[in-house]
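Enquirer: Next input, structure requested:
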Amino acid sequence: MRISFRLLCSTLAVVAGGFLASPAASAQFAPNANLSATTIPSASLMQTAELRALLQSPGKHPPLVLQVGSRIFYAEAHIPGAQYAGPGSQPSGLALLEKTVAPLPKDKAIVLYCGCCPWNHCPNVGPAFQRLRDLGFTNVKVLYLANNFGDDWVAKGYPTEKK
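Expert: Below is the predicted model of the structure:
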């Protein structure tokens, strides 16, 4: 049986939302509960059409695209060439993110995205963005996905890969 990406997103968002609502879960999964997608400065956001065009531009150096959400979402569909860097809301995810970027120059163009749920509920991109800033990375953008990856990237017919 094949589950649709949209159904998977909705189901996991509901489960994660209920789980993360508990104080114990919040402490376990949110290294800094004050960091959410809504705390990212607007100048650090990138629109989907902008990233798509950038990735399709011949002769330009594409940014490193890192998915900082659920491995399940990454396996189902992700932006071509994107690397999985662990969920930004979990200490283990932030550790994987640090390991992924460790060999890179601090001015490397990096685009983070999650897309697990509506922007104002995403627990992953805020902490991941802040961690990269704390590590000294100066060219970090976050892909603005208002609803989720399925609605704001896949449904637009933008390219995806599966792993």
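
Enquirer: ok, now which ones touch the closest residue to P63 other than its chain neighbours?
Expert: Leaving aside its sequence neighbours, P63 sits nearest to A109 (C-beta to C-beta, 6 or more residues apart in numbering; 3.7 Å). Glycine gets a C-beta too; all of them are placed from N, C-alpha and C. Counting by C-beta atoms under 8 Å, 6 or more residues apart in numbering, A109 touches H61, P62, P63, L64, N139, K141.

Enquirer: quick one: A109 and I40, what's the gap?
Expert: 16 Å (C-beta to C-beta, to the nearest Å).

Enquirer: go on, M46?
Expert: 11 Å.

Enquirer: okay, and the common contacts of the two?
Expert: Shared contacts of M46 and I40 (C-beta under 8 Å, 6+ apart): V142.

Enquirer: okay, the two: which has more neighbours?
Expert: The neighbour count for M46 versus I40, taken as other C-beta atoms under 10 Å, is higher for I40 (23 against 16).

Enquirer: shouldn't that one be in contact with P127?
Expert: No - if you go by C-beta atoms under 8 Å, I40 and P127 don't touch, sitting 10.5 Å apart.

Enquirer: residue boundaries of the strands in the protein?
Expert: Under the criterion DSSP state E, the chain contains strands at 45-46, 64-67, 83-84, 110-113, 140-143.

Enquirer: Low-confidence ranges, the chain, go.
Expert: Low-confidence segments of the chain (pLDDT under 70): 1-33.

Enquirer: who touches both of I40 and P127?
Expert: When C-beta under 8 Å, 6+ apart defines a contact, no residue borders I40 and P127 alike.

Enquirer: Check the gap between L54 and K60 for me.
Expert: Using C-beta to C-beta, one gets 7 Å for the distance from L54 to K60.
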